[in-house]
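> any chance you could fold what I've pasted below:
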Amino acid sequence: MILTSATGRASELLTISASAFLTSTPMRIGPSTTVTLAWDDGGRAALIELDDPRTLNALTEELVRTLAEKISFASASRTVRALVLRAAGPHFCTGGRYEKKQLTRTPLPWWLRARGIFGTGAVFDRIRTASVLSFSVLHGSSIGGGLLLGLAADHRVATRNATFRLGVAPYGLSPVVMATRVLPLLVGGAYSTRMYLEDL
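Sure, this is the predicted structure:
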């Protein structure tokens, strides 16, 4: 698996993360939930895996909360040099999904959500501000918040079958959080605008 060319410390971290992608016997930490945390053999890479077959790894309240906890726990480890975010099942993450009990709550103002103070935005911020290098391994569909979750990592690796959609235009929604800043930096303003308008 070729990630990118690098030298020095970055090259070492890429090697660590590549071994995490390929390891067959990760050491799991804690009970199995919608998000699993495991170490590679040397404890230098933390593998964080989305695993909610019921929703195809959608960003439910439970998954977002558990993911934030796992990221914080892994980042606090003294041995971890890299975070690897991946997913079980046919898709990486199928985006936001709200249960009926969530819809009955008074929604927070949009500026609090966009600044990453609450919910998925806070999870994105935890990945982007982690003190170690982070990677996301994307396969199947990455839609809406699922796409932004993958973008939150420092480096992204996509399989041949990976597809990406913002998925907000059909619902009359505007892109927020990293869709308006990080995505244009990665693919250019013109293409990111096209992704939004044409629901690519």
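> now the helices for the protein?
Secondary structure of the chain (DSSP state H): helices at 8-22, 61-75, 100-103, 110-114, 120-128, 145-151, 182-187, 189-197.
> how much space separates the closest residue in space to V123 that isn't next to it in sequence from L147?
Leaving aside its chain neighbours, V123 sits nearest to A68 (5.0 Å; criterion: CB to CB, 6 or more residues apart in numbering). Yep, even glycine has a C-beta here, placed from its N, CA and C like the rest. For A68, the distance to L147 equals 18 Å [CB to CB, to the nearest Å].
> kindly report the same for G43.
30 Å.
> neighbour count: those two, which is higher?
Neighbours were counted for G43 and for L147 using other CB atoms under 10 Å; L147 has more, 24 against 13.
> measure that one to A153 for me?
12 Å.
> sketch out the low-pLDDT regions of this protein for me.
1-32, 97-121, 171, 174, 176-177, 200 (pLDDT under 70).
> kindly recompute the last result at 80.
Residues of the chain meeting the criterion pLDDT under 80: 1-33, 40-42, 97-121, 168-181, 199-200.
> just checking, T36 touches I48?
Yes - T36 lies in contact with I48 (CB atoms under 8 Å); the separation is 7.4 Å.
> list residues touching both of the two?
Listed contacts common to T36 and I48 are K70; contacts here mean CB atoms under 8 Å, 6 or more residues apart in numbering.
> returning to that earlier point: can you report how many residues lie near the residue nearest to V123?
Considering only other CB under 10 Å, A68 is surrounded by 18 other residues.
> what does V132 give?
18.
> for E198, same thing?
10.
> please apply the same query to E69.
Per other CB under 10 Å, the neighbour tally for E69 reads 16.
> roughly how far apart are it and D154?
21 Å.
> what do you get for S72?
S72 is 17 Å from D154, by CB to CB.
> neighbour count winner among those two?
D154 (17 against 11).
> now that one. Nearest residue, chain neighbours left out?
In space, D154 is closest to S134, 4.9 Å off (CB to CB, 6+ apart).
> identify the bridge partners of the one you found.
Beta-bridge pairing for S134 (DSSP bridges): L83.
> so it touches L151, yeah?
No - look at S134 against L151 with CB under 8 Å: they stay out of range, at 11.0 Å.
> spatially nearest residue to K70, not counting backbone neighbours?
L37 (4.5 Å).
> now L148
That would be M178: by CB to CB, 6+ apart, it lies 4.8 Å from L148.
> and the gap between that neighbour and D51?
23 Å.
> which one's more surrounded, the two?
Shown here are M178 and D51; by other CB under 10 Å, M178 has more neighbours (23 against 15).
> and that one, how close does it get to L138?
Distance from M178 to L138, by CB to CB: 15 Å.
> before we move on, what about T159?
For T159 relative to L138 (CB to CB), the value is 7 Å.
> the more surrounded of those two?
Neighbours were counted for T159 and for L138 using other CB under 10 Å; L138 has more, 26 against 10.
> isn't the more buried one right up against L151?
No - the pair L138 and L151 does not pass the contact test of CB under 8 Å, sitting 9.6 Å apart.
> so how far does stretch 170-188 reach from one end to the other?
By CA to CA, to the nearest Å, the extent of stretch 170-188 from end to end equals 22 Å.
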